[in-house]
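A.B. asks: Sequence and predicted structure, then a few things I'm wondering about:
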Amino acid sequence: MKVFLLVIVVLLLIAVVVAWRHGSVAREQQRLSDARAEAQRWYERLGGQVMNLHGDDPAARQALADAGERYNAAGGQLQQATSVRQFELARESALEGLAYVRAARIAMGLDPGPELPPLAGAAGAGQLTSEREVTVEGQHYKAGPRPGPETPYYYPGGRVEGRPVPSGWYSTPVWKTALGAGAGVLGGMLIFDALFSPGFGDMGYQDGFADGFAAGDNDAGVSDAGDFGGGDFGGGDFGGDF
């Protein structure tokens, strides 16, 4: 009788373990399907915007070109994705592309459309709220919250070599240079130090930006720093609730 009860208990335990594992696999498959659908949804929305928008303004053309790059990147990521994390990265690329689309629509004088979910890569970076100018190694750089002839390059915010860079419009795509190698990295860091260093007055950013900047490597010096302006940075996330 005892042996019979022991066999029953063992069988019950085995059934519980099998059921738990089956449920775990089903839940993981559901998470994977949800992540795929979410990434696909934003990717398709980005594709519709990229295909249908055309702008003559230089700032709008550049923003749309950047949106097209993100569209291609998201498409490649979707094709190769096999995990939830990989689908999340594809979603992030599509959202970055849509951020560029919103910037292009603003440059074209159109309604930017509904707010986007916040970009994970832009968390704590904040956004420019007024113009700033600086001269580094004889080169003049400008950044501000609005597109213009002198600031045709949009950046949705993020981290470059560990430094938070606010979203806004820039005279030069310095972040692309800084992501390169060799001297380009040093040059980009000098510009970021000049534009965003907390040592030059009240920058008006929230704690997330300040903490992010403090965490970066701030050893690079600033050469020939010129007029730093009196602009402030508005902290907070890039996007709102969608």
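C.D. replies: It's in. Residues are numbered from 1 along each chain as shown.

A.B. asks: For residue 56, give its distance to residue 108.
C.D. replies: 8 Å (CB to CB, to the nearest Å). Backbone N, C-alpha and C define where each C-beta goes, glycine included.

A.B. asks: ok, these two, which is more surrounded?
C.D. replies: residue 108 (19 against 7; other CB atoms under 10 Å).

A.B. asks: Hmm, residue 58 and the more buried one touching each other?
C.D. replies: No - applying CB atoms under 8 Å as the test, residue 108 and residue 58 come out as separate, 11.3 Å apart.

A.B. asks: Now for residue 41, how many residues are close by?
C.D. replies: Quick note: residue 41 (other CB under 10 Å) scores 12 neighbours.

A.B. asks: which SS state does it fall under?
C.D. replies: When classified by DSSP: H, G, I helix; E, B strand; the rest coil, residue 41 comes out as helix.

A.B. asks: and what of the one 4 residues further on?
C.D. replies: Reducing the assignment to helix, strand or coil with three-state DSSP, the entry for residue 45 is helix.

A.B. asks: List the contacts of it.
C.D. replies: 94, 98 (CB atoms under 8 Å, 6 or more residues apart in numbering).

A.B. asks: From residue 195, how far out is it?
C.D. replies: On the measure of CB to CB, residue 45 and residue 195 end up 32 Å apart.

A.B. asks: okay, now residue 42: neighbour count?
C.D. replies: Residue 42 has 22 nearby residues by other CB under 10 Å.

A.B. asks: so which helix or strand takes in the residue nearest to it when sequence neighbours are not counted?
C.D. replies: Nearest residue to residue 42 in three dimensions, chain neighbours excluded: residue 94, at 3.9 Å (CB to CB, 6 or more residues apart in numbering). In the assignment (DSSP states H and E), residue 94 maps to helix 84-107.

A.B. asks: Which SSE is immediately downstream of that helix?
C.D. replies: According to DSSP H and E, the helix or strand after helix 84-107 is strand 127-128.

A.B. asks: residue ranges for the strands of this structure, please.
C.D. replies: All strands of the chain, identified by DSSP state E, fall at 127-128, 132-136, 139-144, 153-155, 158-160, 163-165, 168-170, 233-234.

A.B. asks: So for residue 17, which of those sits nearest?
C.D. replies: Taking CB to CB, strand 158-160 is the member of the strands of the chain nearest to residue 17, at 43.5 Å.

A.B. asks: Not including adjacent chain positions, what is the nearest residue to residue 172?
C.D. replies: residue 141 (6.1 Å).

A.B. asks: which residues does the one you found bridge with?
C.D. replies: Beta-bridge partners for residue 141, by DSSP bridges, are residue 134.

A.B. asks: Turn the strands of the chain into TSV, including distance to residue 90, mean pLDDT and mean neighbour count.
C.D. replies: Shown next, in TSV, are the strands of the chain (distance: least, CB to CB, whole Å; pLDDT from 0 to 100; neighbours: other CB atoms under 10 Å):
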stretch	distance to residue 90	mean pLDDT	mean neighbour count
strand 127-128	25	86	22
strand 132-136	34	81	21
strand 139-144	29	86	18
strand 153-155	21	95	23
strand 158-160	17	84	19
strand 163-165	23	82	26
strand 168-170	26	93	25
strand 233-234	29	39	22
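
A.B. asks: Could I get those strands in TSV, plus columns for distance to residue 26?
C.D. replies: TSV is the format used below for the strands of the chain (distance: least, CB to CB, whole Å):
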stretch	distance to residue 26
strand 127-128	42
strand 132-136	53
strand 139-144	49
strand 153-155	41
strand 158-160	36
strand 163-165	40
strand 168-170	45
strand 233-234	44
